[in-house]
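*Asks:* Model the following, please.
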Amino acid sequence: MKKNLLFGVVLAAISVPALAEADVELHVGVGTLGYGLGAGYQVSDSVVARVGINQFDKTFNTSSGSLNYDGKLKLSSFDVLLDWHLFDGATHLTVGLLSNDNKFSMTATPGAAGSYTLNGQTFTAAEIGRLNGDVTFNKTAPYIGFGWNSQPKNKGFSFKSDFGVMLQGSPKANLSYTGNGGGVPAVVAQINSQVAVEQTNLNDKLKSFKTYPVISLAVGYAF
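*Replies:* Take a look at the predicted model:
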């Protein structure tokens, strides 16, 4: 809700002067950030400012070893971008910032054996309950890229494309469980220890995903 409100405020802020100069365009598209809606404003003969919002949700089920997983991917971001059109043409270089609320979550439930195995140590379903995992990213992420599209000063329909990377930093994983260790303090301590090890291992594996590829295709109309 806050993100949608921010989008509306910024969009209104750039649209008022843009409509007066008749150099505004609206676009819809799809890409690796999800489904997108945005607007652009002609700042100068070769510079265009853009804002946009992107959304996409997907749920899935999978399994690994004796565990079953229910997962959810949620893409949600708001971007503020600046395009510099080379030689006043369609090719542009882009820099900007994204408000990044992308996240990934999974919940593991025990398989047919009715148990969890963490680092070779087995716990019952009653001891762990549900094993939950969340992966989040830096809330503010710089963006650099390039693409091709007509500028708002050129009226009518246009095809738009963007290719770049979002510098999201190292993803951060958090693991938790809902059980009480069967009410045995020693078991709780063992579970806490193994979950902490799993979380550390997962964060180590995620360190290499500091950048997120951005590819988007859109159709726009300039008024």
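*Asks:* Now the residue of the chain most remote from its centre. Its backbone dihedrals?
*Replies:* Distance from the C-alpha centroid of the chain, by CA atoms, centre = their mean, peaks at residue 184 (39.6 Å). Dihedral pair for residue 184: phi -110, psi 110, per degrees, to the nearest 10.
*Asks:* Closest to the centroid, which residue in the chain?
*Replies:* By CA atoms, centre = their mean, the most central residue of the chain is residue 102, 2.9 Å off.
*Asks:* Excluding covalently adjacent residues, which one is nearest to it?
*Replies:* Nearest non-adjacent residue to residue 102, counting by CB to CB, 6 or more residues apart in numbering: residue 75, 5.2 Å away. For the C-beta atoms, the positions are set from N, CA and C on the backbone; glycine is no exception.
*Asks:* Give me the contacts around stretch 184-194.
*Replies:* Contacts with stretch 184-194, where a contact means CB atoms under 8 Å, 6 or more residues apart in numbering, come from 118, 119, 121, 123, 127, 128, 177, 179, 180, 181.
*Asks:* what's the closest of those to residue 29?
*Replies:* Closest approach between these and residue 29, by CB to CB: residue 177, at 40.1 Å.
*Asks:* Pairing partners for the closest one in the sheet, please.
*Replies:* residue 131 (DSSP bridges).
*Asks:* now it: how far from residue 107?
*Replies:* In this view, residue 177 and residue 107 are 10 Å apart by CB to CB, to the nearest Å.
*Asks:* hang on, the earlier thing: the contacts of stretch 184-194 in helices, which ones?
*Replies:* If you go by DSSP state H, the contacts of stretch 184-194 have 127, 128 in helices.
*Asks:* Sticking with residue 61, tell me its helix or strand.
*Replies:* Residue 61 belongs to strand 47-64 when assigned by DSSP states H and E.
*Asks:* Spatially nearest residue to residue 104, not counting backbone neighbours?
*Replies:* Here the residue nearest residue 104, using CB to CB, 6+ apart, is residue 135, at 4.3 Å.
*Asks:* so which strand or helix has residue 203?
*Replies:* Short version, using DSSP H and E: residue 203 is in helix 185-206.
*Asks:* Which parts of this protein are helices?
*Replies:* Under DSSP H, the chain gives helices at 2-21, 125-128, 185-206.
*Asks:* Lowest-scoring secondary structure element of this structure by mean pLDDT?
*Replies:* Scoring the helices and strands of the chain by mean pLDDT, DSSP states H and E places helix 2-21 at the bottom, with a mean of 50.
*Asks:* Please put the alpha-carbon coordinates of stretch 70-86 into CSV.
*Replies:* Provided in CSV are the C-alpha atoms of stretch 70-86 (Å, rounded to 0.1, in the frame of the first residue of the first chain):
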residue,chain,number,x,y,z
ASP,A,70,5.6,-25.1,-0.2
GLY,A,71,7.2,-22.0,-1.7
LYS,A,72,6.2,-18.5,-2.7
LEU,A,73,8.1,-16.0,-4.8
LYS,A,74,7.0,-12.4,-4.5
LEU,A,75,8.4,-9.7,-6.8
SER,A,76,7.5,-6.2,-5.9
SER,A,77,9.6,-3.1,-6.8
PHE,A,78,9.3,0.6,-7.5
ASP,A,79,11.8,2.2,-9.8
VAL,A,80,13.0,5.7,-10.6
LEU,A,81,15.2,5.8,-13.7
LEU,A,82,17.0,8.3,-15.9
ASP,A,83,17.6,7.5,-19.6
TRP,A,84,20.3,9.2,-21.7
HIS,A,85,19.5,8.7,-25.4
LEU,A,86,22.7,8.5,-27.4
